[in-house]
Every structure is written in C-alpha cells, then in structure tokens.
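In: coords please:
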Amino acid sequence: MLAAERSHAQQPSSQQPDSNTVTSTKNLNAITISSKKKLVVSKGDKLIYNATADISNKAGSASDVLRKVPLLTVGPDGEVKMRGDPNIKVLLNGLPSGIFAKNLKEALKMIPASSIAAIEVITSPSAKYEAEGAAGVINIITKKKIKGTSVETTVSAGNLEQSAGAALSTVKGNMELSLSLNASNQRERRTSTLNRTSLFNGQPAGELLQETEIIQHERGLYGDAGLTWHADSLQKISTTLTFWNGSWPSRSTLYNRYQDSKSNTEYNQNNRQTNSSGYYELSATYQKRFRRKVQELQVLGMVSNICDRSEYNTNQYTLSGVHYFRESGPNNSKSWDFSLQADYTHPLNKSGRNILETGVKFSRTSANTTYSARNNEHNPGSTDLVEIPSRSDQMKYFQNIYAGYVSLKFETENKWMFRTGLRFEGTSLGSEFRRAPSSFDASFNNLVPGLLIAKTLNDQHDVKFSYTERIRRPWIWDLNPFVNASDPRNLTSGNPLLRPETTRTLEAGYNYNAPSGFTLNNSVYFSANSNAIEMLTTVDSLGISRTSPRNVAANKRLGANINAAMDLSSNLSVNGGVELYQVWFKSDALQVKNEAGFYSFNLNVSWSLPKDFTLQASGDYSNGYVTLQGRNSASWSYSFSAQKEFLDKRASVMIGITNPFQNSMLQRSTATAPSFRSTEVNNFFNRGFHIAFNWKFGSLKSGNNSEEKKMPPMGRH
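Out: Below you'll find the model as predicted:
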C-alpha cells in the first residue's frame, strides 16, 4: 500500500480568486512516497527473500536468516538444505567464494544477519552459473553502499551468541571505498545417546552404548575492503580484499560400553578438538557497458588462500579413573585457488529483451595436506606417543576446470519468454601420496543443458516450465583419506575414489499477484540422480563403525512448494510457505533402499505499531529427512522480536527470544544396514535471548524497510 505524506505543505484556499483578490503562490515541499518491501518476491527463475524487511535480522548470523527463506531448511546442527538436498552452490553478491565450499556451516555463522539485504533462491540457474550445486543456487546479497559517506554499526549480545560489526562507505568523485569488519562468538551445547547393535548374518553380535556431551565455541572475524573506480559513465574497475578467520574448539565427555559374547568393555573418555581456518581472497573486476541496452562485458579474476588446522586429543580412563589410552591426530592443509572468467551479453534487438550471453572460465585448485595419528597403544598409560605409519601421510591435490557457455533468451510480443543454454565443463584432478600407493588421476567432461519457458498470462498470472542439469564434484575434504579417530568406536574419513554426480530436474511453476497485494507462488518438481555421493557406514566384527562418502546410490525426488504473502491491514502482514516431497534412495551394489515422504513449513507475522514500534513472530518446522541408511525425526525453531526505532529511524533497538518454551530440542535418528542397526537421540540446547543495537549515520536514507522515491516539488497554485 502506497502512502503519501505532505510535510508543512500550504493548503489551497477553497475560495475562487476574483479581480479584487491577490493570488499568492507557495511552493510545496517534496512528497515522499514510501512502500513497505514485501518479504518474499518471485522474479523469473528465482525467489527473493528481502532480509531488511524482517526486524529479527538485526541479530544473529546468515544461518538464522536462511532459516526463514522459502525452499530452504536449516537443521539444528546448522546444515542447510534446499528442497531437502544439501548439495547447493552458495554465492556472495553473485560471486563464488572458496570459504562456502570449504565449510558452509561455519562460514555462514561469520556473516552477520544485519549485513544481509536479500537472499535469492535459484532452482533453475541459467548456463551463466557454474554447474556446481545439484539442488540449485543460493545468492546472499549484502547491503548496497549509499552515496556520500555513511557508517553503520551493529552490536548484539545474548546467552548463546555475541557479535559486533561496523561498515563504512564513502564516494568521492569517481571513486568508491567500502570497509567492513565483523566479529562474532557463539556457544553450542549438545548431548546425545547412541544405541547400536552389531549384526552378523542378521543376528545380534554386539551392543554399543554411548552417552556424550559436546560444548563448542565458534569465534569468527570477517571483513572486507573494496575500491571501485568509475573510469567514465560506461566503465568501472573494482577490487575487493576479503578475509575470514575462524576457530571452532570443542570439548566432549563420553561414556562408552560395548558388550559381545567374548568381552565387556567400559570406559570414560574426554576429547578436545581444535579447528581453525584462515581464508584470504583478492578479486578484481572490469565492467564495460556499451551504448546499446544491456550490452555488457565483464572480466573477473580471483585468487584465494585457505589454511586449515585441526587436531584432536583423546584420553580414555577406566571407570575407577585410571588413565590408560591417549591419542592425537593433527591434520593441516593449505590450498590456493585461482580463477579467471569473462562474460559478455549482447542484445539481439533494440529493446534488449532478446539477448545472447556467452563466456569462458578457467579455475585451478592446488592443495597440500599433512595428517598423522599418534598414540600410546604400544605402552598403555605412557605419555610417549608413537606415530602410526598406516594412518599418517601427506597428500598433494590439484583440480583444473575449463568452462564455456552460451545462452539465448527471447521474449515475444504476446509475453512468452524462452531461455535456453548449454554449458561445458571439463575437469581434471589428481592426487599423490608420499607413502601410500593410492595416488590417482581422473578427468571427465560434462555438457549441462538448460531450458526455461515462461508465459505472462496477464498482470496477475504467470507460469513457467524448466529443465536443468547440475553436477556435484567431490572436494578435497571428500577425497582426503585422513581418518578422524577422536571417537575410536566411530571412525570417519574421505574417499579418494569418488567421482562427480549429475542431477536432472524438471520443474513447473505458477505465480499469482492480486491487486490487493496478495501473492502466491507454487511449483512442482521431479529430480533424479543415478550416481549420488552418500555417506555410508559399516560396522566390523569388533563393533567399530567406519563412515566415508561413496558413489553407491541413486535417488529421486518428487515435490511441491507453496508460498504466500498478504497484508491483513496497512500495519499487519503475514508470509508463509509449505513444502512437500517424496524421496527414494536405492543402491544396487549394497542391496539397500530407503524412501519416505516429508514436509516443512515456515510462517512470519509482522505488526507495525505507532511511534516506530514493530513486533514480529516467525517459526519453521520440518518433519525430518531421509538418507540411504536411515532417517531423522522432526526439527523446529520459533522466535519473537520487538524493535523500536528512533533518531529519525537512524537508530534502533531490537529485543528477541528464540525457542522460549523449550530448553532444548530433541531429535532422533535411526539407521539400518546389513552390519548394524542404531538409534541416536540428540538434545540441542537452543533457547536464546538477545538484544541488538543498530546505528546509522552519514548520508543515509531513512529506514531500511521501505522503498522510497522522492517526487519533484508540486507546481505553483
């Protein structure tokens, strides 16, 4: 709803002037027309969640924002899924970043929610996008810089997390400078109970009981510095330096009991893990626009460096407190990424509605990983740790990707739109080990087609149909054979023999936009993957599990989603969505299959009160997810927020509470296989209280939650 305000305007007289009347003229001040942003908007092949329209995004991280976005779910462990699939490509302002590929969960926690303007969910990406990300693409858009000089600061504090950030942007002549720095600290606590039965020829062979408590602290520092030079009205050169530094130390206690026909083993264990990562990225972009509409050339170069350091230290004690086993496992890696790409858009008609897009890209990743395991198994109780050669090695890894694409888009006079494209990606990768004979080289080519057909029926209705193919390549941490034995009963490792997977998706969608402001977005889809990478667990005769990724399964998904938004009044708005899907997993090699139906929904209610007060409530629920070997039970989250703006809306205070009616959330997971069956119950302690203060000063427009247009002064009366 549009609202016009007239400040100190001179009202015209109701009397008509005559020959004896002196007519006076007054200038009317500018009229400001402001419209409240819709929380969710459908635009072509994407759904856009406007984060600035949600007051609760003044505190928390990007993970908290993604929890409210249609088609996305965020589990209690922080894993992000699109339509139930975790294989997604995440971009920052339309550009890839190595930190998202390396550790998406922790990277998202370093991005403050207050810095995010919008989230784009793209389920049918064009050929211009990288083919990586089987489920689709998420694009996180940060707040744009404002003309002049502006500063924005945000400080939040709570029982689970604290953060502080500041952003500066300034424009002088044809130069733009932006700086930002954000620090965060979070605490997570989880308890779990695992009951697992080892099987031999289908009969119980051993029983494992584990009771665990884990406390993890996540500390992050994230910042960037950007400089843009406008050579003229059509050309600009920009460069950005970004850094991320994070650490995730954790400590845990464990009670372990294993029984079989021959023995009964009980012990207590404490474990400390140190995990840290430093990421630095330098990018430079040249953008050239031409006189013809939408004609553009862009060249982007990027180089980044990641240094990862992790180590676990495990100590085991008898129930009487005698220390008898100690093991440590350091794992350090360093990798360099380089990419160079060029994209060109050419209009095929004067209006710019018909376009040709083409481009090329080359990227290279090189990494060096050193890992080892040392323990006192040779001399129980000793502090002298001896390296285990079979679990210690050095791996060198490389990956080269050559890509090129062409995409055509046509729009007809009767409002049909056709977009078709083809992308080629050639990959070569390999690794060599200092000790082990398992070095390998591989190369593969992927032709990735895409098709989008859309029809605007009238101002209120439009439909679309799409076909896309996406791939998922194994990353170095998927391939790294390092065995994490921080829990000697549950070992995890990578698999150097993994190959990429391909997912094909058909989707049909319908959008309705009523004159009242009510919007409805629907879609149905079917996706299939014949070479899926799945985490596979096996249990040996000693009751020890080994988990690693393998190309052992095919999966299919059939689903639908509905998202709606409406204004119940000028001050009260509601937005929500529902997603339903059925998934099938099957592995012919293992003679295992699994299937289940799932649903999830989210709801957001916002109420604007007088004197710049706003109240908001939001919640999400998912009844779980399924894997090749098992499934998880439901997860949910809900929050309430209140905000007060002051200083002409340049400052605000927000108070929020998350999950106030529960101290923890219980989630149960079950798994079955020929060698075991297990049940694990996790309690995630997620009740949170937080308060956030935001202050903007400088050349700023008033209010983040409105789109403002300045009307020219009224004429003379």
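
In: list the contacts for F585?
Out: A532, E534, A553, A554, N555, V592, K593, N594, E595, V626, T627, L628 (Cβ atoms under 8 Å, 6 or more residues apart in numbering). Using the backbone N, CA and C atoms, a C-beta is placed for each residue, glycine as well.

In: Sort out for me which of those are in strands.
Out: Secondary structure from DSSP state E places A532, E534, A553, A554, N555, V592, K593, N594, E595, V626 of the contacts of F585 in strands.

In: Please work out how many residues are found near the first one.
Out: To tie it back to what came earlier, the one meant is A532. Neighbour count for A532, taken as other Cβ atoms under 10 Å: 25.

In: still on that earlier bit, dump the contacts of F585 to TSV, plus pLDDT and distance to Y344.
Out: Converted to TSV, these look like this (pLDDT from 0 to 100; distance: Cβ to Cβ, whole Å):
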residue	pLDDT	distance to Y344
A532	83	35
E534	84	39
A553	79	40
A554	87	38
N555	88	37
V592	83	48
K593	86	47
N594	89	46
E595	90	45
V626	86	43
T627	87	42
L628	87	43
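
In: Buried only: go through these for me.
Out: Among the contacts of F585, those classed as buried by 16 or more other Cβ atoms under 10 Å are A532, E534, A553, A554, N555, V592, N594, V626, T627, L628.

In: okay, how far is it across stretch 57-71, tip to tip?
Out: 19 Å (Cα to Cα, to the nearest Å).

In: Report the distance from that stretch to the chain centre.
Out: A distance of 9 Å separates the centroid of the chain from that of stretch 57-71, by Cα atoms, centre = their mean, to the nearest Å.

In: returning to what we had before: going by distance to A673, which of the contacts of F585 wins?
Out: Lowest distance from A673 to the contacts of F585 (Cβ to Cβ) belongs to V592, with 6.8 Å.

In: For my notes, please list the buried ones among the contacts of F585 in JSON lines and give distance to A167 for each entry.
Out: Shown next, in JSON lines, are the buried ones among the contacts of F585 (distance: Cβ to Cβ, whole Å):
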{"residue": "A532", "distance to A167": "41"}
{"residue": "E534", "distance to A167": "41"}
{"residue": "A553", "distance to A167": "45"}
{"residue": "A554", "distance to A167": "46"}
{"residue": "N555", "distance to A167": "42"}
{"residue": "V592", "distance to A167": "50"}
{"residue": "N594", "distance to A167": "46"}
{"residue": "V626", "distance to A167": "42"}
{"residue": "T627", "distance to A167": "40"}
{"residue": "L628", "distance to A167": "44"}
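
In: from memory F697 sits against K649, does it?
Out: No: in this structure, F697 is not within contact of K649 by Cβ atoms under 8 Å, at 11.8 Å.

In: Settle it for me: which of these two has more neighbours?
Out: It is K649, of F697 and K649, that has more neighbours when counted by other Cβ under 10 Å, with 16 against 13.

In: For the protein, which segments count as helices?
Out: 62-66, 98-102, 104-110, 476-479 (DSSP state H).

In: in the first one, what's buried?
Out: When you say that, I think you mean helix 62-66. Neighbour counts over helix 62-66 (16+ other Cβ under 10 Å) mark A62, S63, D64, V65, L66 as buried.

In: Can you read off the pLDDT for the last one?
Out: The per-residue pLDDT reported for L66 equals 87.

In: List the contacts of it.
Out: L72, V74, V80, L108, I119, I138.

In: Return the member of these nearest to A560.
Out: L72 (15.7 Å).

In: List the contacts of A454.
Out: G44, W416, M417, D462, V463, K464, F465.

In: wait, the last one sits on G450?
Out: No: applying Cβ under 8 Å as the test, F465 and G450 come out as separate, 12.0 Å apart.

In: Residues in contact with stretch 508-523: which ones?
Out: Under Cβ under 8 Å, 6+ apart, the answer for stretch 508-523 is 1, 38, 40-42, 47, 70, 123, 459-466, 507, 524-525, 560-567.

In: Roughly how far does the closest residue to L422 other than its chain neighbours sit from A127?
Out: Closest residue in space to L422, ignoring its immediate chain neighbours: P449 at 5.2 Å, by Cβ to Cβ, 6 or more residues apart in numbering. Separation of P449 from A127 (Cβ to Cβ, to the nearest Å): 8 Å.

In: What sits closest to N484 if chain neighbours are left out?
Out: T492 is the one closest to N484 (Cβ to Cβ, 6+ apart), at 4.8 Å.

In: The one you found contacts T537, correct?
Out: No: with contact defined as Cβ under 8 Å, T492 does not count as touching T537 (9.1 Å).

In: who touches both of those two?
Out: With Cβ under 8 Å, 6+ apart as the test, T492 and T537 both reach R546, T547.

In: Pick the one among the buried residues of helix 62-66 closest to G278.
Out: Among these, and counting by Cβ to Cβ, the member closest to G278 is A62, at 19.4 Å.

In: That closest one: what's it in contact with?
Out: By Cβ under 8 Å, 6+ apart, the contact set of A62 is L108, K109, I111, P112, A113, I116, I140.

In: so what pLDDT did the first one get?
Out: Read that as L108. pLDDT at L108 comes out at 82.

In: Can you show me the strands along the stretch 201-350 of the chain?
Out: Ranges of strands in the stretch 201-350 of the chain, per DSSP state E, counting those that start in this stretch, are 203-230, 235-247, 250-260, 264-289, 296-317, 323-347.

In: Please apply the same query to the stretch 501-650 of the chain.
Out: 501-513, 519-539, 545-567, 572-587, 592-609, 613-622, 625-626, 630-632, 635-646.

In: neighbouring strands for the second one, and are they parallel or not?
Out: Sheet partners assigned to strand 519-539 using DSSP bridges are listed as strand 501-513 (antiparallel), strand 545-567 (antiparallel).

In: Distance to I214 for the ones you listed - can I get that in TSV?
Out: Formatted as TSV, the strands paired with strand 519-539 follow (distance: least, Cβ to Cβ, whole Å):
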stretch	distance to I214
strand 501-513	31
strand 545-567	17
